[in-house]
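>>> Sequence and predicted structure are below.
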Amino acid sequence: MGRYSHNQTRRRFKRIANDEQRSSRYNPFIPASTKTRSLPSVHPATDVRLGRILRLLMSHATVVVSGTKIAEEIGISRSEVWRMIQQLRELGVDVAGHPATGYQLRAVPDLLLPEMLAPSLKGTIFGKNAAKQIHHYYKIGSTNSEAMRAASDGVPEGSVFLAEEQLSGRGRGAHTWHSARSTGIYCSVILRPAMPPSDALIFSLAAGLAVRAAVSEIAPQLKVDLKWPNDALLNNKKFCGILTEMNAEATRVRHLVVGIGINVNQAKFPAELRDIATSLRIETGTEWSRVELCAALLKSLDREYRSLIGDQGARTSILRRFEESSSSVRGQKVSVEENGGLAGITEGLDERGFLRVRTENGLQTVVSGTVRLTGNL
């Protein structure tokens, strides 16, 4: 994920949503798809043994670890150790040494591997069995696409899909996403909430709040502004996008995937994005730990999700906190590319989380379309 570039093609989401082929209209920001046979992933997941080798080297950071010891600990041959060390180097891990002398880490790597994240996720829905729940990819088309495929295959709730690089990251509608290698967080999680699909927009709003909390935890000097329904801004530039998709029947959600892309350590962007995109590094002049931020994000998502499914007052709290965290959902002049277009002044969110806009023709509820800010009152 990352900052998107626009595609002028507009899409309306009206899908057949159950096995009996009955059609229903769902939240246009969250496309619902039929349950179909999934295809195998084009890009294989990162070998889990790489993470084990990395943890071993980290636990012996002050000494050289022989290839023999690594082979014995991991249960592989010495030649396989060499091959995997080469793979770690290709991932950007600074490993000194060679088979004759052994290996040593020169620096703690900032890779979103299960072994790096698991210690921080204990007690969360994402950390019940992190070694199996967290799926890492060196390179992938889209974490959301892979998560949707896996969810259809029955992968459990709380599964996490992370990539160092996306080749075809997706945003809402027909937008594509800039996903530079090992500089951002490209993360999708699988949830299976017991609720109707018409209520699903609340998860995008909750995810925005989770992003804001995570950034505030590691960089409290930054003031994150949430733009309805799925953007997070710093100094009026986008650094985070959220894409929520689901597979649903008319009355219940089968599974829901929340995808989050955060620009963390990007130092620059393509020319067409420079005026509209930013990153934590650009805003602070400092590089940040993606592992630390990703762990904070997943813990914040866990808190929001547990509250939402277990507390009757959580929905009201999410709507209130989102409004408090957004400079644009009240008193902002906007134009909306919907139903021929409309313009007016924002008047907060309704009880479902949709944006209300006061126009010349009265109060309108925005349920789809791109909202553009045109100024303050």
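Cool, the structure landed.

>>> for the helix or strand harbouring I53, which positions count as buried?
Using DSSP states H and E, I53 falls within helix 48-59. Residues of helix 48-59 classed as buried: 50-57 (neighbour count, 16 or more other Cβ atoms under 10 Å). Every C-beta, even on glycine, is put in place using the N, C-alpha and C of the backbone.

>>> next helix or strand past that helix?
Counting by DSSP H and E, what follows helix 48-59 is helix 67-74.

>>> which strands and helices sit next to that following helix?
Here helix 67-74 touches helix 48-59, helix 78-90, strand 102-105, going by 3 or more Cβ pairs under 8 Å, 6 or more residues apart in numbering; DSSP states H and E.

>>> what packs against the helix holding I53?
Contact here means 3+ Cβ pairs under 8 Å, 6+ apart; on that basis helix 48-59 packs against helix 67-74, helix 78-90, strand 102-105, helix 114-117.

>>> after the last one, next one along is what?
What it means is helix 114-117. Following helix 114-117 in sequence order, the next helix or strand is helix 130-133 (DSSP H and E).

>>> what is the rounded mean pLDDT of that following helix?
Mean pLDDT, helix 130-133: 86.

>>> helices and strands around it, which ones?
When contacts are defined as 3+ Cβ pairs under 8 Å, 6+ apart, helix 130-133 sits against helix 114-117.

>>> Other residues contacting the helix it packs on?
The contact list for helix 114-117, computed with Cβ atoms under 8 Å, 6 or more residues apart in numbering, reads 48, 51-52, 54-55, 109, 130-131, 133-134, 136, 291, 294-295, 298.

>>> Go through it and flag the buried ones.
Here helix 114-117 shows 114-117 as buried, counting by 16+ other Cβ under 10 Å.

>>> what's the closest of those residues to S328?
Nearest to S328 among the buried residues of helix 114-117: L117, at 32.5 Å, using Cβ to Cβ.

>>> Tell me how far the closest one lies from D225.
For L117, the distance to D225 equals 27 Å [Cβ to Cβ, to the nearest Å].

>>> sorry, back to before: closest one to N236 out of the contacts of helix 114-117, please.
Nearest to N236 out of the contacts of helix 114-117 is C294 (Cβ to Cβ; 25.0 Å).

>>> which stretch of helix or strand covers the closest one?
Secondary structure from DSSP H and E places C294 in helix 290-310.

>>> Could you list every helix and strand in contact with that helix?
Checking 3+ Cβ pairs under 8 Å, 6+ apart, helix 290-310 ends up next to helix 114-117, strand 184-191, helix 201-218, strand 253-263, helix 314-324.

>>> how about those in CSV, adding mean pLDDT and distance to E165?
Compiled in CSV, these are given as follows (pLDDT from 0 to 100; distance: least, Cβ to Cβ, whole Å):
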stretch, mean pLDDT, distance to E165
helix 114-117, 91, 17
strand 184-191, 97, 8
helix 201-218, 97, 20
strand 253-263, 96, 12
helix 314-324, 97, 31
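
>>> With distance to T101 as extra columns, can I get the ones you listed in JSON lines?
JSON lines is the format used below for the helices and strands packed on helix 290-310 (distance: least, Cβ to Cβ, whole Å):
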{"stretch": "helix 114-117", "distance to T101": "24"}
{"stretch": "strand 184-191", "distance to T101": "35"}
{"stretch": "helix 201-218", "distance to T101": "37"}
{"stretch": "strand 253-263", "distance to T101": "39"}
{"stretch": "helix 314-324", "distance to T101": "55"}
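
>>> and of those, who's closest to G123?
Proximity to G123, assessed across those by Cβ to Cβ, is greatest for helix 114-117 (13.4 Å).

>>> Could I have the CA atoms of that closest one written out in CSV?
What follows is helix 114-117, C-alpha atoms only, in CSV (Å, rounded to 0.1, in the frame of the first residue of the first chain):
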residue,chain,number,x,y,z
PRO,A,114,6.8,-13.3,12.8
GLU,A,115,9.7,-13.8,15.1
MET,A,116,10.3,-10.1,15.3
LEU,A,117,6.7,-9.2,16.1
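
>>> next one: stretch 255-267 to chain centre, how far?
Taking Cα atoms, centre = their mean, to the nearest Å, one finds the center of stretch 255-267 at 3 Å from the center of the full chain.

>>> scratch that, stretch 248-266
With Cα atoms, centre = their mean as the basis, the mean position of stretch 248-266 lies at 8 Å from the chain mean.

>>> likewise stretch 155-170?
Chain-centre distance of stretch 155-170: 8 Å, with Cα atoms, centre = their mean.

>>> what about the helices and strands packed on helix 67-74, which gets the closest to G340?
Per Cβ to Cβ, nearest to G340 of the helices and strands packed on helix 67-74: helix 78-90, 51.1 Å.

>>> what's in contact with that closest one?
47, 49-50, 53-54, 67-68, 70-71, 74, 76, 95, 99, 103, 109, 138.

>>> what about the residue lying closest to A206 once chain neighbours are set aside, how many residues close to it?
Nearest non-adjacent residue to A206, counting by Cβ to Cβ, 6 or more residues apart in numbering: E304, 4.2 Å away. Look at E304: counted by other Cβ atoms under 10 Å, it has 23 neighbours.

>>> Quick check, E304 in contact with A210.
Yes. Using Cβ atoms under 8 Å, E304 makes contact with A210 at a distance of 5.1 Å.

>>> Filter the contacts of helix 78-90 down to the buried ones.
The buried subset of the contacts of helix 78-90 (16+ other Cβ under 10 Å) comprises 50, 53-54, 67, 70-71, 74, 76, 95, 103, 109, 138.

>>> before we move on, the earlier item: output the helices and strands packed on helix 67-74 in JSON lines; the columns should cover distance to R320 and mean pLDDT.
As requested, those are exported to JSON lines (distance: least, Cβ to Cβ, whole Å; pLDDT from 0 to 100):
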{"stretch": "helix 48-59", "distance to R320": "40", "mean pLDDT": "91"}
{"stretch": "helix 78-90", "distance to R320": "46", "mean pLDDT": "93"}
{"stretch": "strand 102-105", "distance to R320": "46", "mean pLDDT": "94"}
